[in-house]
Every structure is written in C-alpha cells, then in structure tokens.
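Enquirer: here you go, sequence then predicted model.
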Amino acid sequence: MSDTTNTEELRARVKALMPQITNDIETLVAIPSVSIAGYPESTHAGLAAAEQEVTRVFADAGVEQFDTINLPGTAPIVYGEIPAPPGAPTVLLYGHYDVVGVGDESLWETSPFVPTRIGDAIHGRGTADTKGNIAACAGAIRAWGGRPPVGVKIVVEGLEEVGGGAFTNYPQTDPSRFASDVMVIADTGNLRPGTPTLTVGLRGMANVMIEVRTLASGKHSGMYGGAAPDALLALMRGIASLHDDRGDVAVAGLRRDAWTRGGTTEEEFRALAEVADGMPLIGTGTLGERVWTGPAITVIGVDVPSVDNALNAVSPYARAKLNVRVHPEQDPLEAQDAIVRHLREAMPFGVALTVTPQETGSGYAAQIEGPVYDIARSVWADAWQAETVYIGAGGSIPLVSSLHQAAPNADILLAGVTDGFANIHGPNERVLLDEVERTTLAIADLFGRLGARAGA
C-alpha cells in the first residue's frame, strides 16, 4: 500500500473497517479483565483471556513479531513489533487491557460485561477505558493493510488500573525495547464528543496517611469531653488546615501555574462532575489551574466511629488517607514532603499527628513545540474536521513517566476514544463509535504523515 495515501482515502478505509473494529471492542469488553492490586490468583483467568485476545486482535491486524513481557507479580504485557521501513520512524502504541470493577451493579442500565449497542454507542465496562483504544490502534494498522509506512511497537499492559505492578518502572531498565520516535498513549480522549483533543499534561500523585491516637480507649463524653483530647477533632482540624476559606490548597511548597490554553466551561464541568444544583465549586482561578496545573488534596478514606454505631464517647483514635494531585512538573516526593511537613507542624489543639508517606506517581508535561506536534494537531483536526485543543488531565498514567525516561527524545501524544461524558470508572461506561472511527483515522493518518515526512 502506498505511503502517499491521503486522509480522505484513509477515511474511506477506516469507515469500511468499522464492523471489524466494533467486533474487536465487543469481544474485548465481554472479558471481565478486572485487575486487583497484588495480582492475586483470582484475577489471573480474566486478565489472561484479555491478554490472549489483545494479541489475537493485533496479529489479525498484521503484527507478526510478538514477545510477551512477564515480570514478577504482574499480568503479562503484550509486546509486538512491525519493523520500520528503511529511514522511517517508529511509533509506539500504548494501552491497557485491564479494567476497574463494576461497583454497584444496580446502577448499571446494561450488564457491565455484555457489550450493548445503544444508538451510536457501545455500553460496557472498558469500552472507553480502554478497550476501544486497543481496537482503534489495531484498526489504524489495518487501514494500511498491516504494513504502515512507519515502524510500530505495541505495548499493552494488564495492571494499569492498580498502578502497573512491576512494569511501572521497567521500561527505563530495558530502553532498547521501547526505543521509538513517537509514542501514542491511547489512554485518554477528547474534552467532549466532536472536539479533537491532545492531552499535554498529567498531574502526579502523592498519597499521605494521617493517624491520631490520644487515649487508651474511648471515654464518656459527659465525664471527660471538653478536656480529654479528642482524636477525631484533632484529625478534622489538621485536615481542615490544608485549605483556606476559599477552598484553595494552603500548603507551602506545592506548585501551581496558570493555564492559558482554554478548556472546559464551568457549566460543562458541573455537568461532568454532576455537581448538585446550587452547590458552589471550591477554589479560585481558572478551572485549568484547579484541575490540571494546580495541586488538589482529597480525603479518600476515613476510619472513625460510624453514625449508626455512635457512642457518647471521646474518640481515642482516628485515621485518614489523603490523595494529593501534583503539578505535572513537580517532583511528587517534594510535594509529599510539603504535605507531611505541614501536617506535622499543624499540632491541632497541641496534638501531634502521625503522618506517613504513601504511594507516589510522577506527572508528565509534554513539549508541544516541534514538527511532530504540528503534524498531530493537523491530523486530529482533519479527522474531526474541527480545531484541535490542548488540555491537561487531573489523573496520572503510571507508565508515561517511565516510558519518557526510556525514550527521552520521543514525542509523546496522549489521545484516544474516550470523551468527557464516557463515564469511565463509573456505571454505564460507554464509547461512541464515531469517536472510535475518528481516533482510528487520526492514528492511521499520523502513520502516513510521519512516513511521508521521513521520505521527503
């Protein structure tokens, strides 16, 4: 197939491939590949079935060289290659075949692992995050008859949703395997349906545990309340010190920069977050600063007496876990140290808080100046026939920083089939087939333009 194929020819080929791509999504979604931290035996069957199906999908698309990466305590990583034509660049395609659990199944309108067509959407766990992306990547290879004008490397892991296991820090130990000129991290998507989007920043993560023990046991609040140090009150006051009265993070040493590239509106954000009517948003500044380039501190778990089992007693013990989201370019350990220092110095009511660092993960900030991003911006715009926008992401993808270390000169593009209303990690997750088709076209067109540029 000629490497001079233009966008409109590819558009027609991708459209013709959509029944196959749709079937690939449905086959993958039907596999309950839920990952659990620690890779317990109970998860092996579902993850193994998904790994085998991902391999089949890419083999059917034209990938002939496979070499599964097996690491201790980690689900198998699908690795495949299509060698680059002489002088052509290599594009690495990344995804993951594991999914999060279904949560409260009563909130689902369809069975989570029975892919269901409703209009232009497929509903089911993993449709958007990120089995739809796997099918789109394979579809982009199919659009070139299995012989794209660039080299292609396939990397699809199976524990991304729980931190990646041993694979998270593996790429930099084996850089030749991941050597590439461009990486497409197919684990994000568009701001909204119909808006071509490239994610150019990922916040890092730094978790912290706080514990307070003040008494040997609970004491009658009538007899001791008012003087006996209440562990729960101390915990609450310490946590409250992390924000000012406007809801902005009040911890010295956490980086926050202005966001000047546009993004979602407050109305759209409220809809996406399902904010209750009349409820204010917290913090000040643009939404980009608050959710993409600024820190965020969320209480993700608290151990305290329950209301149903409440006693009239002063609490002797309380514990909370914090999830801290960090500026894409800030060292998460530096940010974590700032949180730990703040809480240890807080001394609510004179009570010392025991603060323990927990998990961390590095963020990522893309270098968007240069020919590859110029090509990508044009490719995504042509696929959607709309202007490409840049956004940040409040979450992190554990492997991106490691891949960047393994191939520091590679341009990294974060994009995919997901859109802001896909409800990933929630009930009724869905992917729009139009977004799948356009993502497939964008990746296929990227292959073509990178190959043409190399041959110019």
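Expert: Yep, that arrived. These numbers come from a predicted model, not from an experiment.
Enquirer: only C-alpha atoms from now on, for both contacts and neighbour counts.
Expert: Noted.
Enquirer: contact partners of stretch 253-268?
Expert: With contact meaning Cα atoms under 8 Å, 6 or more residues apart in numbering, stretch 253-268 is reached by 191, 286-289, 292-295, 326-327, 330, 335, 338, 389-391.
Enquirer: with stretch 7-19 instead?
Expert: Here stretch 7-19 has contacts from 139-140, 142-143, 382, 437, 440-441, 444-445, using Cα under 8 Å, 6+ apart.
Enquirer: what is the helix or strand where Leu198 lies packed up against?
Expert: Assigned by DSSP states H and E, Leu198 falls within strand 197-202. With contacts taken as 3 or more Cα pairs under 8 Å, 6 or more residues apart in numbering; DSSP states H and E, strand 197-202 sits against strand 189-190, strand 364-365, strand 389-393, strand 411-414.
Enquirer: give the pairing partners of the first one; include direction for each.
Expert: Pointing back at strand 189-190 there. Strand 189-190 pairs in its sheet with strand 418-419 (parallel), by DSSP bridges.
Enquirer: can you name the next helix or strand after the partner strand?
Expert: With secondary structure assigned by DSSP H and E, strand 418-419 is succeeded by strand 430-432.
Enquirer: now do that following strand: everything it contacts.
Expert: 120-125, 127-128, 132, 417-419, 422-424.
Enquirer: ok so, going back, now the helices and strands packed on strand 197-202 as CSV including mean neighbour count, distance to Leu71 and mean pLDDT?
Expert: As requested, the helices and strands packed on strand 197-202 are exported to CSV (neighbours: other Cα atoms under 10 Å; distance: least, Cα to Cα, whole Å; pLDDT from 0 to 100):
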stretch, mean neighbour count, distance to Leu71, mean pLDDT
strand 189-190, 26, 29, 94
strand 364-365, 21, 25, 90
strand 389-393, 21, 29, 91
strand 411-414, 23, 25, 96
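Enquirer: closest to Arg377 out of those strands?
Expert: strand 389-393 (8.2 Å; Cα to Cα).
Enquirer: low-confidence ranges in the protein?
Expert: 1-5, 395, 456 (pLDDT under 70).
Enquirer: so what are the domain limits for it?
Expert: Listed by automatic domain parsing, the domain ranges of the chain are 7-202+363-455, 204-256+294-361.
Enquirer: how about the helices in this structure?
Expert: Secondary structure of the chain (DSSP state H): helices at 7-29, 44-61, 132-142, 175-178, 221-224, 231-240, 266-273, 287-288, 332-346, 371-384, 398-406, 433-455.
Enquirer: returning to that earlier point: most neighbours, which of the contacts of stretch 7-19?
Expert: Thr440 (34 neighbours; other Cα atoms under 10 Å).
Enquirer: correct me if wrong: it contacts Trp144.
Expert: No: taking contacts as Cα atoms under 8 Å, Thr440 lies outside contact range of Trp144: 11.4 Å.
Enquirer: what's the distance between Leu47 and Ala30?
Expert: Using Cα to Cα, to the nearest Å, Leu47 is found at 12 Å from Ala30.
Enquirer: neighbour count winner among the two?
Expert: Per other Cα under 10 Å, whichever of Leu47 and Ala30 has more neighbours is Leu47, with 25 against 19.
Enquirer: show me the contacts for that one.
Expert: Leu47 makes contacts with 32-35, 75, 97-98, 158, as judged by Cα under 8 Å, 6+ apart.
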